[in-house]
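Engineer: Okay, predicted coordinates and the sequence, questions at the end:
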Amino acid sequence: MTDSRTDAAAEFDLGAFLERERERINAVLNGVAPTLAEGAPAALREPVLYALATPGKRLRPILCVSAWRVVHPGETPDAVYRLACALEIVHTYSLVHDDLPCMDDDALRRGRPTVHVTFTPGAALLAGAALIPAAVRVMDDAAREMELDAPARGRLAAELCRAGGALGMVGGQLLDLEGEASGTVDADGLERIHRHKTGALLAASLRIGALAAGVDDARLEALTEYGRELGLAFQIVDDVLDVTASDDALGKTPGKDAEAGKATYPSLFGLDGAREMARQRVSRALDALRRGGIRSPELEALAAFVLERDR
């Protein structure tokens, strides 16, 4: 992996960058969260706030902001971070629903009891649903502040809804459930599941940041390909960690996929094979940046983070 990165990326202080970006994203998210269920009954407002307060990697909004900086290097306005938080809100909804008893039935997420365990499955279902339109509102408000016109704002909303809906995460979740029920998922089927379930929102994070910045078509295509490959690498590493990590390190219950008999990259290719596949996907992601003429130490270092993370 190290040989695939530029000298600038190798010298990039990823730890300091991630800490700084997470602090800024968390501050923005904490600011908008109370407004998302304002006026709603406490039975809905409390699980919404609980879900959004759960700590996380914030990878998707960080990718969004980094893509914006491909076009506009340097200081980033607060409105861009608010735009990026819409992606974290959609991601949070997907985690709330993914943990439900009718899905993965998990009791632990990001080191805390899941929303349906802390409240009720019904409250978790409704809280997750409430986050979807809330994310669109947050995105549109931020885009207006950035003085984007109506067609540009509409395109951003369409990108977000496509990635989070039937053509993205929701469709991928259905494929995952069908595969678990049939027990016959092959390598092509597994990739199809995760290009939708995981990769769609990761790629959309980059596309939304770049489109908001007024990116040209060539760099948009490169960032999209980078996101798609990074999304698969992220899922492969997730599958490896599900086998190798402890619940304290992982922040969620490990071994759930194996218990359910789900197809995973380690189950199909072994741990070493899965790790090699993740490295190949990250290499393809970096190649996409190079082909698009994009020199971004941030994005190169984030690719390394996806590959080397331990949670």
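Structural biologist: Sure, I can see it. What you see is a predicted model; the values in this text were computed from it and never measured.

Engineer: Same question for the residue nearest the centre of the chain, what's its three-state structure.
Structural biologist: Using CA atoms, centre = their mean, the residue of the chain that lies closest to the mean C-alpha position is Arg60, 4.3 Å off. Remark: Arg60 carries the secondary structure label helix [criterion: DSSP: H, G, I helix; E, B strand; the rest coil].

Engineer: Next one: it relative to Ala213, how far apart?
Structural biologist: Taken as CB to CB, to the nearest Å, the spacing of Arg60 relative to Ala213 amounts to 16 Å. Using the backbone N, CA and C atoms, a C-beta is placed for each residue, glycine as well.

Engineer: What about Leu52, how many residues nearby?
Structural biologist: Residues contacting Leu52 under the criterion other CB atoms under 10 Å number 24.

Engineer: residue contacts, the closest residue to it other than its chain neighbours?
Structural biologist: Ranked by CB to CB, 6 or more residues apart in numbering and with sequence neighbours excluded, the top spatial neighbour of Leu52 is Ala33, at 4.5 Å. Contacts were defined as CB atoms under 8 Å, 6 or more residues apart in numbering; by that measure Ala33 touches 48-49, 52-53.

Engineer: can you give me the strands in this structure?
Structural biologist: 108-109, 112-113 (DSSP state E).

Engineer: Mind putting those strands into TSV with mean pLDDT and mean neighbour count?
Structural biologist: Supplementary listing: the strands of the chain in TSV, determined by pLDDT from 0 to 100; neighbours: other CB atoms under 10 Å:
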stretch	mean pLDDT	mean neighbour count
strand 108-109	90	20
strand 112-113	94	16
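
Engineer: thought Leu36 was touching Ala53?
Structural biologist: No: under the criterion of CB atoms under 8 Å, Leu36 lies out of contact with Ala53, with a separation of 11.8 Å.

Engineer: how far away is the residue nearest to Pro77 when sequence neighbours are not counted from Gly74?
Structural biologist: Leaving aside its sequence neighbours, Pro77 sits nearest to Met146 (CB to CB, 6+ apart; 7.2 Å). For Met146, the distance to Gly74 (CB to CB) stands at 16 Å.

Engineer: Name the residue in the two with the higher neighbour count.
Structural biologist: Using other CB under 10 Å, the more surrounded residue of Met146 and Gly74 is Met146, with 18 against 5.

Engineer: Now do the contacts for the more buried one.
Structural biologist: 77, 79-80, 83, 212.

Engineer: picking up where we left off before, so among the contacts of Ala33, which ones count as buried?
Structural biologist: Restricting the contacts of Ala33 to buried positions leaves 48, 52, with burial counted as 16 or more other CB atoms under 10 Å.

Engineer: coming back round to it: can you put the contacts of Met146 in TSV and add distance to Leu95, pLDDT and neighbour count?
Structural biologist: TSV is the format used below for the contacts of Met146 (distance: CB to CB, whole Å; pLDDT from 0 to 100; neighbours: other CB atoms under 10 Å):
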residue	distance to Leu95	pLDDT	neighbour count
Pro77	28	96	13
Ala79	25	97	18
Val80	24	98	24
Leu83	20	98	29
Ala212	24	98	27
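
Engineer: quick check, nearest of those to Thr264?
Structural biologist: Sorting these by how near they are to Thr264, with CB to CB, puts Leu83 at the top with 33.3 Å.
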